[in-house]
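1. Turn this into a structure:
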Amino acid sequence: MSMTVRYRATYTVKPETATWIGHLPLSELDQIGTITHVPTIYFYKRPPEWLHPADAIFTTLQGSLSRTLVPFYPLAGRLRWLDGGRLRHECNAMGVCLIEAESEGELNDLGDFSPRPEFEQLVPSVDYTKPIHELPLLLVQVTKFKCGGLTLSFSISHAVADGPSALHFITEWARLARGERLSVEPYYNRKVLWVGEDPSVTMPPPPPRLEHSEFNPPPLLIGHTNNLEERKKKTTVAMLKLTKTQVETLKNAANKDRAGQHMRPYTRYETMAAHIWRCACKARKHKPEQPTALGICVDSRRRLHPSLKPGYFGNATLDVIAAGTSGELVSSPLGCASSKIREAIERVTHDHVRSAIEHIRRQPDLTLFQDVHALGSTRGPFYGNPNLGVVSWLTLPIYGLDFGWGREVHMGPGNHDFDGDSLVLPSLEEEGGLVVALCLQIAHMEDFKKFFYEDIVD
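-> Next comes the predicted model:
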């Protein structure tokens with residue numbers, strides 16, 4: 001299916017009233033991992049005219065966005081590079097980018113909304129050839145379809161907002177667009193993550209230096225001295241749906257040998273990530289002795305003492321690593337992989353986060369820890385073959401985004417084309433069902449799909 005999108009206009013939207021101007025410190029967690037923009041897209045059917053006139057939709061979004069940028073003023077700022085791969089966040093009210101577009105196509109042309117090349121026209125693109133201080137931290141695109149349906153897509157800089165923070169902004173924007181009041185004020189005090197403080201004066205004695213395998217380069221394929229060849233291989237994306245029954249079957253399999261041991265059962269995430277990891281090892285046809293790592297994104301907000309305040313805006317997630325060999329994972333019961341994942345997650349304690357922040361602070365060059373594939377870089381961690389990253393959106397409020405004309409009929413990630421990237425989302429169609437959005441090399445995808453469904457057995 002070919003689809004043409006015509007871009008009608010691009011606007012710079014600034015906060016409606018004057019906001020604080022100055023330099024907002026970034027935490028160490030803001031400056032590692034993904035520092036480029038992360039895209040998401042929402043699909044809406046044609047709103048009834050009585051509910052919201054079609055010609056008023058863009059005006060509603062533009063006006064409410066300007067109002068929302070008053071409390072969320074850091075998004076209207078810009079980043080600037082400092083020495084050693086560090087970043088500075090300048091709150092300068094330069095504004096965000098809002099794109100108005102239209103398509104002669106219809107929403108039905110998009111089928112089940114699985115990511116496809118056409119999506120690139122529906123999601124704002126970021127020109128990373130420009131200096132970083134010229135790039136908006138938020139880009140939004142509204143695309144109207146011939147049928148009256150529309151898509152609303154966001155690209156938000158991960159250096160200023162992790163998943164929970166990005167969703168906080170989007171849901172508050174929708175609330176203001178509906179004429180309601182802000183629900184949770186964003187909280188910007190980075191001192192809760194020990195930014196700008198002299199540890200010898202303001203902090204208790206530091207914890208013992210803990211092991212931080214998450215900052216080591218991930219394994220390479222046996223016989224390779226770098227990952228350049230794997231980085232170049234063509235990838236494809238699939239949206240794989242699981243029913244509630246299939247999810248329960250996998251959970252039962254993962255917990256099979258734990259019955260009667262009074263242990264907390266493995267969660268949906270621990271089960272699904274294990275299943276994805278094993279299937280990827282099989283599909284990639286690894287040697288049994290092949291080392292493999294699974295990247296896990298853990299939200300530390302409630303793991304710190306005290307917990308971060310509701311509305312903390314920034315990055316409070318930390319990537320940790322589960323590791324093993326392909327032979328061990330494939331030949332063992334599903335619970336073996338789940339146990340490795342749980343062990344990695346449970347390492348994320350208050351002391352671990354503090355120790356990780358101190359570890360990052362001591363590094364002379366942060367580019368070694370930044371995921372900047374989108375910038376064309378071959379530096380930084382690569383979680384493609386033989387590795388994998390599985391991010392959970394299971395607890396994020398990703399659904400029910402109503403700007404005044406009803407909820408979306410579908411939402412999902414924008415195109416993500418990096419081998420090994422995967423997301424686990426709750427199903428919009430069935431309570432308890434799941435969707436896995438997965439990017440793998442083209443050569444591995446069909447075998448992965450085969451194992452993904454065939455291996456769902458008790």
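2. Burial check on residue 406, number of neighbours?
-> Using other Cβ atoms under 10 Å, the number of residues around residue 406 comes to 15. For glycine as for every other residue, the C-beta is placed from the backbone atoms N, C-alpha and C.
3. actually residue 56, sorry about that
-> 13.
4. Over to residue 48?
-> For residue 48, the tally of surrounding residues (other Cβ under 10 Å) stands at 12.
5. quick one, what contacts it?
-> Residues near residue 48 by Cβ atoms under 8 Å, 6 or more residues apart in numbering: residue 405.
6. measure it to residue 451 for me?
-> Residue 48 sits 45 Å away from residue 451, going by Cβ to Cβ, to the nearest Å.
7. and if you look at residue 143?
-> The gap separating residue 143 from residue 451 is 36 Å, by Cβ to Cβ.
8. Equivalent analysis for residue 31, please.
-> 37 Å.
9. coming back round to it: more neighbours: which of residue 143 and residue 451?
-> Taking other Cβ under 10 Å, residue 143 and residue 451 do not tie; residue 143 has more neighbours (25 against 18).
10. Ramachandran coordinates for the more buried one?
-> phi -120, psi 120 (degrees, to the nearest 10).
11. who's it bridged to?
-> residue 101, residue 151 (DSSP bridges).
12. swap in residue 390?
-> Bridge pairing for residue 390 - DSSP bridges - gives residue 296, residue 422.
13. If we ignore the residues flanking it in sequence, what's nearest residue 437?
-> residue 423 (4.4 Å; Cβ to Cβ, 6 or more residues apart in numbering).
14. was I right about that neighbour contacting residue 398?
-> No. With contact defined as Cβ atoms under 8 Å, residue 423 does not reach residue 398; the gap is 10.0 Å.
15. which other residues reach the strand or helix carrying residue 167?
-> In this assignment (DSSP states H and E), residue 167 forms part of helix 163-177. By Cβ under 8 Å, 6+ apart, the surrounding residues in contact with helix 163-177 are 38, 40, 60-61, 64-65, 67-68, 71-72, 75, 154, 156, 161, 181-184, 186, 297, 299, 301, 311-317, 391, 393, 396-398, 401-404.
16. hmm, back to that, what about the residue nearest to residue 437, how many residues close to it?
-> Quick note: residue 423 (other Cβ under 10 Å) scores 20 neighbours.
17. and it, what does it touch?
-> Listed by Cβ under 8 Å, 6+ apart, the contact partners of residue 423 are 390-393, 413, 436-438.
18. Kindly reformat these as a markdown table containing distance to residue 227.
-> Below are the contacts of residue 423 laid out as a markdown table (distance: Cβ to Cβ, whole Å):
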| residue | distance to residue 227 |
| --- | --- |
| 390 | 19 |
| 391 | 20 |
| 392 | 25 |
| 393 | 27 |
| 413 | 23 |
| 436 | 24 |
| 437 | 23 |
| 438 | 19 |
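19. Lowest-confidence one in those residues?
-> Ranked by pLDDT, those bottom out at residue 413, which scores 89.
20. Now that one: closest residue in space that isn't a chain neighbour?
-> Residue 413 sits nearest to residue 437 (Cβ to Cβ, 6+ apart), 5.4 Å away.
21. Flag the shaky bits of the stretch 101-250 of the chain, pLDDT-wise.
-> 196-209 (pLDDT under 70).
22. Repeat the analysis, applying 80 as the threshold.
-> 114-116, 195-211 (pLDDT under 80).
23. Let me see the ranges of the helices in it.
-> 163-177, 199-202, 228-232, 244-254 (DSSP state H, counting those that start in this stretch).
24. which SS state does residue 269 fall under?
-> Following DSSP: H, G, I helix; E, B strand; the rest coil, residue 269 is assigned to helix.
25. any idea how far it is from residue 338?
-> Per Cβ to Cβ, residue 269 is found 9 Å from residue 338.
26. same thing with residue 296?
-> Residue 296 is 12 Å from residue 338, by Cβ to Cβ.
27. anything in contact with each of those two?
-> residue 273.
28. number of nearby residues for the residue nearest to residue 413?
-> 20.
29. Which residues are in contact with it?
-> 115, 237-239, 412-413, 416, 422-423, 425.
30. With distance to residue 342 as extra columns, can I get these in a markdown table?
-> Formatted as a markdown table, those follow (distance: Cβ to Cβ, whole Å):
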| residue | distance to residue 342 |
| --- | --- |
| 115 | 30 |
| 237 | 28 |
| 238 | 26 |
| 239 | 26 |
| 412 | 27 |
| 413 | 25 |
| 416 | 26 |
| 422 | 18 |
| 423 | 20 |
| 425 | 21 |
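31. just these now: which is nearest residue 364?
-> residue 416 (30.6 Å; Cβ to Cβ).
32. Could I get the contacting residues of that closest one?
-> By Cβ under 8 Å, 6+ apart, the contact list for residue 416 reads 39, 115, 237, 437, 439.
33. So which of the residues you listed wins on neighbours?
-> Within the contacts of residue 416, neighbour counts (other Cβ under 10 Å) peak at residue 39, which reaches 24 neighbours.
34. Surely it is within a helix?
-> No. Counting by three-state DSSP, residue 39 is not found in a helix; it is strand.
35. Check the residue nearest to residue 437 and give its pLDDT.
-> For residue 423, the predicted pLDDT is 95.
36. and what of residue 49?
-> So residue 49 comes in at 71 (pLDDT).
37. now the one 4 residues further on
-> Predicted confidence (pLDDT) at residue 53: the value is 71.
38. next one: stretch 180-190 to chain centre, how far?
-> Distance of stretch 180-190 from its chain centroid, counting by Cα atoms, centre = their mean, to the nearest Å, is 21 Å.
39. Over to stretch 107-120?
-> The answer for stretch 107-120 is 20 Å, by Cα atoms, centre = their mean.
40. neighbouring contacts of it?
-> Looking at what lies outside stretch 107-120 - Cβ under 8 Å, 6+ apart - the contacts are 1-3, 41, 43, 45, 145, 147, 149, 237-239, 409-410, 412-416, 437.
41. now do 7 Å
-> 1, 3, 41, 43, 45, 145, 147, 149, 237, 239, 410, 412-415 (Cβ atoms under 7 Å, 6 or more residues apart in numbering).
42. who's more crowded, residue 269 and residue 338?
-> Legend: neighbour count by other Cβ under 10 Å for residue 269 and residue 338, higher for residue 338 (28 against 21).
43. That one: what's it in contact with?
-> 254, 266, 270-271, 274.
44. Would you confirm that it belongs to a helix?
-> Yes. Note on residue 338: a helix contains this position according to three-state DSSP.
45. so how far is residue 41 from the residue lying closest to residue 139 once chain neighbours are set aside?
-> Nearest residue to residue 139, sequence neighbours excluded (Cβ to Cβ, 6+ apart): residue 124, at 3.6 Å. Separation of residue 124 from residue 41 (Cβ to Cβ): 10 Å.
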